[in-house]
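Chemist: Just to be clear, the model below is a prediction. Sequence and coordinates:
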Amino acid sequence: MATIQQSKQDASAAEVTIALPEQFTFHDHRRFRAGYFNGKASGVHYVVDFGKTRFIDSAGLGMLLQLIEYAQSDRQRVHFVNCAPDIRQTLAVAGFEEAATIA
Amino acid sequence: MISFEGSKHKATILAWAPLAAVLCCLLFQILLGGRTSGFFVGILLCALGFWVGNRRSDEQFSLAPLFRKRANVPAELLDIVDSRLVEPGRNLEQVRGIISDAAEQLTTSFMELSGLIQSQQESLRQMLQDMKGDSGDLRSDSVTVRSLANEMADTAEILGRFVRMVVGISKQSMDVYYCVEDISERLKGVSRLVGDVKSIAYQTTILALNAAIEAARAGEAGVCFQVVAGEVRALAERSKLVSEQITEQVQQASKAVESAQTFTERNASQDLSVLLTSKVRIDSLGSGIVSLDETLRGKLDSVSDISKQIAARTSLSVQGLQFEDIVRQILERSQKDLVGLQSMVRSVREKAESGVTSDSETTSDLAALAQTLIADQEANAQHKPAQETVTAGEVELF
């Protein structure tokens, strides 16, 4: 299955969206990183779209933590959106509720 | 109530016998001229009839009319009456005995049953209490709901920390991976630089050769220059060698970095589903145990409730068994009446057998006897027990 990941920035460059594939694993690390890693821009909001995601491995969780670290661990600026119930539970048990805003 | 066997038949005899006796007496009177005995007996039989009639008002016959007649009652009649009174007496006694035994048996069994149920309730209560683990005097290794709840809470916490640790390590794995990748890039850069150095060394060698040639052409004047050119060439050679060594090192380093990248890649991608599911299950088990604790508390309450109800029902039923007391009193009364009747018949017979000499004596005897009978009857009426039914009044428990 082809992994789809796009990263778009809105006009004001204040928000970055990354859409994750159905299986978010180690193999997506380069594209994920490329999605947000472009010099430290403070005040940028990072939105991660879990709409298609059904499985995250430990590397995926590690990568999400790296993103949060990149955003200076500011919970207000990192948004996890469109989470399926299972994914939501996974993120909750792994302790992401204090680290990011989950919707 | 007293009832004779074949009551209709006997009743007929008793109803008509006095009348027959009256006729006999009249006959004797005519023949012998003495009315005393017949008159005496007649009065007694009428009194008897009155008394019995009062006691058994639903019976069809009464001896009351005989008061007015004179009769010579045969002894056999009195014997029959006397003997017919024995049987009811025995029956009453038997009934009293049966009821008394039955009531005693019922009471005993009932109290035993109640005792057994109560001890069962107590065992159940104790068991629930132990399971719950509220009581203070427990051994430290006993498994109770409380100890389970504590264990679950500890386990859940430890598991939670473990999950966070694993996720943290995963992140560190990724960090390491990128570091290693960075190193790899740098090494590649080094290789390129080394390549440049090699090419520089090569060009230097060429240059040195050219210089040597020019120096040779210059002859004597170029001898020193030729030496210098030679040295430069040697240096260039050494440069080349060192470059090669650097290349060798860099290649080794690159291999090591590649291995590191492979290891990191392998470790970074772990399926954590089982671990995360376990944490969720432990959490729900924990809340399940808390609700079990609540359920046990509810059960303890209902066990106490049922015990109270058992006690109340037991006392109600024992009250019911008090019927034996009332029935016994009624039977005793009937027995007493029977005995009175029997003694009355006997005294009538005695009087009949002893024979009376004068009318006045007979009359006064009769009057006295009648008074005794009436007084006796009134006394009996007063001593009737007030309680006729089991539920009518309050009975004390024994």
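Modeler: Structure's in. What do you need?
Chemist: Secondary structure element holding B:V280?
Modeler: Using DSSP states H and E, the element containing B:V280 is helix B:273-320.
Chemist: ok, B:A215 to B:L235 distance?
Modeler: Using CB to CB, to the nearest Å, B:A215 is found at 16 Å from B:L235. (Glycine included, C-beta is placed from N, CA and C.)
Chemist: Tell me which of the two has more neighbours.
Modeler: Neighbour count, other CB atoms under 10 Å in any protein chain shown: between B:A215 and B:L235, B:A215 has more, with 19 against 14.
Chemist: Surely the more buried one is in a strand?
Modeler: No: per DSSP: H, G, I helix; E, B strand; the rest coil, B:A215 lies outside any strand segment and is helix.
Chemist: got the contact list for it?
Modeler: B:A215 makes contact with B:G222, B:V223, B:F225, B:Q226, B:A229, according to CB atoms under 8 Å, 6 or more residues apart in numbering or on different chains.
Chemist: any idea how far the closest residue to the second one other than its chain neighbours lies from chain A?
Modeler: Right, the one you point to is B:V223. Leaving aside its sequence neighbours, B:V223 sits nearest to B:A215 (CB to CB, 6 or more residues apart in numbering or on different chains; 7.3 Å). B:A215 sits 56 Å away from chain A, going by CB to the nearest CB, to the nearest Å.
Chemist: can you check B:V290 too?
Modeler: Noted for B:V290: a distance of 20 Å to chain A, by CB to the nearest CB.
Chemist: could you say what helices and strands the helix or strand containing B:S109 packs with?
Modeler: If you go by DSSP H and E, B:S109 is part of helix B:75-132. Secondary-structure packing of helix B:75-132 (3 or more CB pairs under 8 Å, 6 or more residues apart in numbering or on different chains; DSSP states H and E): helix B:7-32, helix B:145-218, helix B:273-320, helix B:323-354.
Chemist: distance of the nearest residue in space to A:F55 that is not next to it in sequence from A:Y36?
Modeler: Spatial nearest neighbour of A:F55, excluding adjacent residues (CB to CB, 6+ apart): A:Q23 at 4.8 Å. Distance, A:Q23 to A:Y36, by CB to CB: 20 Å.
Chemist: out of the two, which sits in the more crowded spot?
Modeler: The neighbour comparison of A:Q23 against A:Y36 (other CB under 10 Å) goes to A:Y36, with 19 against 16.
Chemist: Quick one, grab the pLDDT at the residue nearest to A:Y70 when sequence neighbours are not counted.
Modeler: What sits nearest to A:Y70 in space, not counting adjacent residues and going by CB to CB, 6+ apart, is A:Y36, at 6.3 Å. We note a pLDDT of 88 for A:Y36 in this prediction.
Chemist: distance between whichever helix in chain A runs longest and the chain's centre?
Modeler: Using DSSP state H to define each element, chain A has its longest helix at helix A:58-70. Remark: helix A:58-70 is offset 8 Å from the chain centroid, using CA atoms, centre = their mean, to the nearest Å.
Chemist: got the CA positions of it in PDB?
Modeler: C-alpha atoms of helix A:58-70 as PDB (Å, rounded to 0.1, in the frame of the first residue of the first chain):
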ATOM      1  CA  SER A  58       7.100   2.500  18.700                       C
ATOM      2  CA  ALA A  59       9.100   4.400  16.100                       C
ATOM      3  CA  GLY A  60       6.000   6.300  15.200                       C
ATOM      4  CA  LEU A  61       5.400   7.300  18.800                       C
ATOM      5  CA  GLY A  62       9.100   8.200  19.100                       C
ATOM      6  CA  MET A  63       8.800  10.500  16.000                       C
ATOM      7  CA  LEU A  64       5.700  12.200  17.400                       C
ATOM      8  CA  LEU A  65       7.700  12.900  20.600                       C
ATOM      9  CA  GLN A  66      10.500  14.400  18.400                       C
ATOM     10  CA  LEU A  67       8.000  16.700  16.700                       C
ATOM     11  CA  ILE A  68       6.800  17.900  20.100                       C
ATOM     12  CA  GLU A  69      10.400  18.500  21.200                       C
ATOM     13  CA  TYR A  70      10.900  20.400  18.000                       C
END
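Chemist: which residues touch that helix?
Modeler: Residues from elsewhere that reach helix A:58-70, judged by CB under 8 Å, 6+ apart: A:20, A:24-26, A:28-29, A:32-33, A:36-37, A:40, A:46, A:48, A:56, A:78, A:80, A:94, A:96, A:99-100, B:166-168, B:170-175, B:268-272.
Chemist: Just give me the lowest mean pLDDT stretch among the helices and strands packed on helix B:75-132.
Modeler: Among the helices and strands packed on helix B:75-132, helix B:7-32 scores lowest, with a mean of 61.
Chemist: quick one, phi/psi of A:Y46?
Modeler: phi -110, psi 120 (degrees, to the nearest 10).
Chemist: neighbours around it, how many?
Modeler: Counted with other CB under 10 Å, A:Y46 comes out at 20.
Chemist: which residues does it contact?
Modeler: Counting by CB under 8 Å, 6+ apart, A:Y46 has contacts A:E15, A:V16, A:I18, A:Y36, A:L67, A:A71, A:R77, A:V78, A:H79.
Chemist: got a list of what the spatially most central residue of chain A touches?
Modeler: Closest to where the C-alpha atoms of chain A average out (CA atoms, centre = their mean) is A:V48, at 3.7 Å. With contacts defined as CB under 8 Å, 6+ apart, the neighbours of A:V48 are A:T17, A:I18, A:L20, A:L64, A:L67, A:V78, A:H79, A:F80, A:V81.
Chemist: Let's see that with 6 Å instead.
Modeler: A:I18, A:F80 (CB atoms under 6 Å, 6 or more residues apart in numbering or on different chains).
Chemist: Under a three-state scheme, what state does it occupy?
Modeler: Under the three-state scheme (three-state DSSP), the conformation of A:V48 reads as strand.
Chemist: I'd guessed B:T107 sits against B:L321; true?
Modeler: Yes: using CB atoms under 6 Å, B:T107 is in contact with B:L321, at 5.2 Å.
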